[in-house]
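Asker: build me a model from this:
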Amino acid sequence: MTRPYPDLRRLQHFLAVADAGGFTRAADQLHLSQQALSSSIRQLEKELGATLFDRDGRRVTLTPAGRQLHSDARTLLAAAHTVTDHVQQVASAARENYVVGHTPALDSTEAYALLEPVIDAFDDVSFTFRQMFPDQLSPALLDGSIQLALRRGVVPDRDLATAVLGYHPVRVAMLSSHPLAQRDAVDLTDLAHERIALWAPPGASYYSDLLLGACRRAGFEPDYVVSRVQGAATVAAPLTTGAAAFVTHPVGPVMDGRVTVVDLQPPLLVPVQAMWQRHTYSPIRDLLLTQQP
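Answerer: Sure thing, here's the model as predicted:
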């Protein structure tokens, strides 16, 4: 018995209706007649042997089967687009450009160090590093704008595959004039009465939650401020906030000596998570994953 496979164009129609909450708006967005769109959805339901929408006049809601398809459809379409891109690239003999998105919490030097083994191994491939905010990573992966995403923290994503590439030690950056900057190491409890700079408020960033959680485990409720300068090097935060900042930069003076990075005790490690499209193959990614400890 032949297994049914959904038509990709009809999947796009299904997502449009589901996201728009009805056929009228979806038909306008797709530049189709409502009759053509309804016919497409009926054919998809026939292909899958399942009712996808409960229809109540002009209002439609997803059935349990529809909710399952809605969860999986974007991933399938993203993989299909990636297959097309790969085939066209090979057919045109174009040099592959592997685009890596990374969050500001993971600077370009750290991102390069993680990718250096595969950059050396694939000397016929161009690599582009692109700094992006965390909420931009998943959409960029699904639409093919980037091939790999790197972020701080471990965040589950039902649409993407993930793996931890490694861990970096957290240190503290502060104004060089601060008394704590003269020490070789700062205990986490030394920050109990200091303001701490974050790049996103609690609840909006796994990385922020991880750092504040470490403070709470050390026995104090941290006083924090969200930096008004986004996308800059993390070690620059003390200059604009006057606060201490958790960084992964090497120990020593930075920012022309105006900021100093010192070790943190007890040691605190933060993970680097890689994310990519499910159901896709990449020798670059496979080698990167095997290179990790």
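Asker: can you count the residues close to residue 146?
Answerer: Residue 146: 25 surrounding residues under other CB atoms under 10 Å. From N, CA and C alone the C-beta is placed, and that goes for glycine too.
Asker: could you confirm it falls within a strand?
Answerer: No. The assignment for residue 146, made by DSSP: H, G, I helix; E, B strand; the rest coil, is coil rather than a strand.
Asker: which SSE is immediately downstream of the helix-or-strand element of the chain with minimal mean pLDDT?
Answerer: In the chain, the helix or strand scored least confidently by mean pLDDT, DSSP states H and E is helix 64-92, which has a mean of 75. Later in the chain than helix 64-92, the nearest helix or strand by DSSP states H and E is strand 97-102.
Asker: I would like the residues contacting that next one, please.
Answerer: Contact with strand 97-102 is made by 108, 111, 115, 122, 125-132, 136-137, 140-141, 145-151, 284, as judged by CB atoms under 8 Å, 6 or more residues apart in numbering.
Asker: so where's the protein uncertain?
Answerer: Scanning the chain for pLDDT under 70 picks out the ranges 1-4, 82, 85-86, 88-95, 292-293.
Asker: show me the domain layout of it.
Answerer: Listed domain ranges for the chain are 8-90, 94-165+273-291, 167-269 (source: the TED database).
Asker: now do the first one: distance to the chain's middle.
Answerer: When C-alpha coordinates are averaged (CA atoms, centre = their mean, to the nearest Å), domain 8-90 and its chain have centres 25 Å apart.
Asker: picking up where we left off before, in PyMOL, select just the buried ones from the contacts of strand 97-102.
Answerer: In PyMOL syntax, the buried subset of those is picked out as below (16 or more other CB atoms under 10 Å):
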select buried, resi 111+115+122+127+129+132+136+137+140+141+146+147+148+149+150+151+284
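Asker: show me what counts as buried in stretch 158-170.
Answerer: By 16+ other CB under 10 Å, the buried positions in stretch 158-170 come out as 159-160, 165, 168, 170.
Asker: closest to residue 63 out of the residues you listed?
Answerer: residue 159 (20.4 Å; CB to CB).
Asker: give the contact list for that closest one.
Answerer: Shown in contact with residue 159 (CB under 8 Å, 6+ apart): 71, 74-75, 78, 138, 142, 278.
Asker: can I have the buried ones of these as a PyMOL selection?
Answerer: To isolate in PyMOL the members of those that are buried, counting by 16+ other CB under 10 Å, one can use:
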select buried, resi 74+75+78+138+142+278
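Asker: any chance of the contacts of residue 159 in JSON lines, plus distance to residue 46?
Answerer: As requested, the contacts of residue 159 are exported to JSON lines (distance: CB to CB, whole Å):
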{"residue": "71", "distance to residue 46": "21"}
{"residue": "74", "distance to residue 46": "22"}
{"residue": "75", "distance to residue 46": "23"}
{"residue": "78", "distance to residue 46": "25"}
{"residue": "138", "distance to residue 46": "32"}
{"residue": "142", "distance to residue 46": "27"}
{"residue": "278", "distance to residue 46": "26"}
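Asker: quick one: the strands in the chain?
Answerer: Taking DSSP state E as the test, the strands found in the chain are 53-56, 59-62, 97-102, 126-131, 148-152, 160-169, 171-175, 185-187, 195-198, 223-226, 244-247, 252-254, 259-265, 269-277.
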